[in-house]
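In: sequence and predicted structure are below.
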Amino acid sequence: MEYHVPSVALAMRILKLLSRYKYRNCSLKDLADKLNVNKTTCLRVLRTLEKEDFVQYDEETKKYSLGPYLIPLGNRAAELIDSVAASMTEMKAVAASTGLTTVLVQRLRSDRLIYIASAEPPGGDVRITVSVGQELPVTGAAFGKCFLAYDDVSERQRLAAHLQAYTPNTIVDADQFLASLAEVRRSGYAVSHAELIPGISALAVPIFGRSGQVNHVLACLAVTTQLKQEEQPAILDILRATAQKLSEWNGFQNQRFV
């Protein structure tokens, strides 16, 4: 039996919406319209969240935003989820070794991905900054391919039938997309150049859980015009070695990394 508590579900939807940069400050009407809910119902949930410091209300602008208690809550979650804490420690070393912004990506229940951690390299004139909590489409680039490559065939085919172009480089042909997933499964990594965001390349590897599922994806981001072809193998070697270490830490035992 599936349990569903509407008020709790609405509270979570409100928090998710306010966590998006575009909607970080919203009026009651904005929230109700965007979430397609009754304003009175929305207000009751907002007042409850405000009382518990999960959202805050600005009397001058008449808008809601995320509340202060989410900061220690998020930090505590990162500390207590062992696999994330271990990954965050290793990410700093990857960023320092590659000179590239390194991100940890998780798949949501919907066909979306989310940045859950990032590490920027020390120094350097050009760096890419990402917003932790930002959501991404699962079919957009290297991140998603590392998840989808290990999905069931039916799931891969379902998503391949509804591909969307985000840039001129996005793969929108179903057969070509499925072939790219097969290559990821064979090689153990994915590389994309400006397939999701113009001018940004990603080199990504999966981190496996005990039963062989992809728990997270570890990736380095680079400005496409500054990423030299001859540099990619070394970056991928660092990513794969780190992913192997983290996967084994999770209890995964397999020869995929050999």
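Out: Happy to help now that I have it.

In: average model confidence for stretch 120-127?
Out: The average pLDDT within stretch 120-127 is 76.

In: right, I mislabeled it, should have said stretch 196-206
Out: In this model, stretch 196-206 has an average pLDDT of 95.

In: let's see it as PDB, backbone CA atoms only.
Out: C-alpha atoms of stretch 196-206 as PDB (Å, rounded to 0.1, in the frame of the first residue of the first chain):
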ATOM      1  CA  LEU A 196      23.600  20.400 -21.800                       C
ATOM      2  CA  ILE A 197      25.100  23.900 -21.300                       C
ATOM      3  CA  PRO A 198      26.900  25.700 -24.100                       C
ATOM      4  CA  GLY A 199      30.600  25.900 -23.600                       C
ATOM      5  CA  ILE A 200      30.800  23.400 -20.800                       C
ATOM      6  CA  SER A 201      32.300  19.900 -21.000                       C
ATOM      7  CA  ALA A 202      31.800  17.100 -18.400                       C
ATOM      8  CA  LEU A 203      33.900  14.000 -17.700                       C
ATOM      9  CA  ALA A 204      31.900  11.600 -15.500                       C
ATOM     10  CA  VAL A 205      32.200   8.200 -13.800                       C
ATOM     11  CA  PRO A 206      29.600   6.100 -11.800                       C
END
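
In: Ile200 pairs with what?
Out: Val223 (DSSP bridges).

In: how about the contacts made by it?
Out: By C-beta atoms under 8 Å, 6 or more residues apart in numbering, the residues touching Ile200 are 128, 194, 221-224. The C-beta positions use only the backbone N, C-alpha and C, and glycine is treated the same way.

In: can I get the buried part of those residues as one PyMOL selection?
Out: A single PyMOL command is used to select the members of these judged buried by 16 or more other C-beta atoms under 10 Å:
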select buried, resi 128+194+221+222
